[in-house]
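> Fold the following, please.
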Amino acid sequence: MGEPNRGYVLAVGLAVLGALAMGQGMRGDDEPRRYRDLGGPRALWSIPDGEALPFSPPARVTIPGIEVDAPTMRLGQRDDGTVDVPPFGRAEQAGWYEHGPAPGARGSAVVLGHYDDTGGPAVFYRLRELKPGARVKITRKDRRVAVFTVDAVERVPKFEFPRTRVYGDVRYAGLRLVTCGGPYDRADRSYRDNVIVYAHLTGEEGRPAQARP
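Just a heads-up that it's a prediction; the model follows:
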């Protein structure tokens, strides 16, 4: 994003690369050594396999610590292989990458949201404020509410987007929240960085998460 649309200059550059890396990299092997090889936050090196829920698309994302309570929509891929983003005019919604796992199922579920738009702050404007230990709730189409605990938050330049850390296979039920951040580049009409929140499933609202293969 960050491209002109209907004459507006959108400050919402979600240059989320690497959809084609889905399933590449770790291939389900998330032992600590492999995480260390990928670099990134130390908190990601030894997350246990834990429990998981059956597949069900997300309907809503709630993050009490930063006052997020928003519906989700499905997102696919663009022709160049990058992940699509919520369209202009729907910055209040988050988007789930539908070619990956659903939140709560095993694997890296990815949810994207805008930082802002021409009307001001958007759904993930305060994402950068999250800290390890914060809770993220995903209400799913099956009406189950998956509860995730934040492991780490990082800000990275878009040209160094950590594709395997975000989209790569893991054995646990992971969640990645992505938006843009850093300084705004007026020449490119885009923010220079991405903010990425990494979390894993730690329960289900109202009852413990059910173990699934």
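
> Please count neighbours and contacts with C-alpha atoms only from this point.
Noted.

> okay, which residue is most central for the protein?
Leu177 (2.3 Å; CA atoms, centre = their mean).

> Outside of stretch 150-157 itself, list whatever touches it.
41, 43-44, 128, 130-136, 181-182, 192-200 (CA atoms under 8 Å, 6 or more residues apart in numbering).

> What is the least confident helix or strand in the chain?
helix 32-38 (a mean of 58; mean pLDDT, DSSP states H and E).

> The residue nearest to the centre of the chain and Gly206, how far apart?
23 Å (CA to CA, to the nearest Å).

> what's the next secondary structure element after the strand or helix carrying Pro183?
For Pro183, the host element (DSSP states H and E) is strand 173-185. Going down the chain from strand 173-185, the next helix or strand is strand 190-204, by DSSP H and E.

> Run the angle between that next one and strand 173-185 for me.
Orientation of strand 190-204 against strand 173-185 (axes from the mean of the first three to the mean of the last three CA atoms, to 10 degrees) gives an angle of 160 degrees.

> Output the contacting helices and strands for strand 190-204.
strand 145-157, strand 173-185 (3 or more CA pairs under 8 Å, 6 or more residues apart in numbering; DSSP states H and E).

> I'd like those as CSV, with distance to Met73 and mean pLDDT appended.
Formatted as CSV, these follow (distance: least, CA to CA, whole Å; pLDDT from 0 to 100):
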stretch, distance to Met73, mean pLDDT
strand 145-157, 17, 97
strand 173-185, 14, 95
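
> Burial check on the residue nearest to Pro58 when sequence neighbours are not counted, number of neighbours?
Leaving aside its sequence neighbours, Pro58 sits nearest to Arg140 (CA to CA, 6 or more residues apart in numbering; 4.1 Å). By other CA atoms under 10 Å, the residues close to Arg140 number 20.

> right, and Arg140 touches Pro54 too?
No: Arg140 is beyond contact range of Pro54, at 10.6 Å (criterion: CA atoms under 8 Å).
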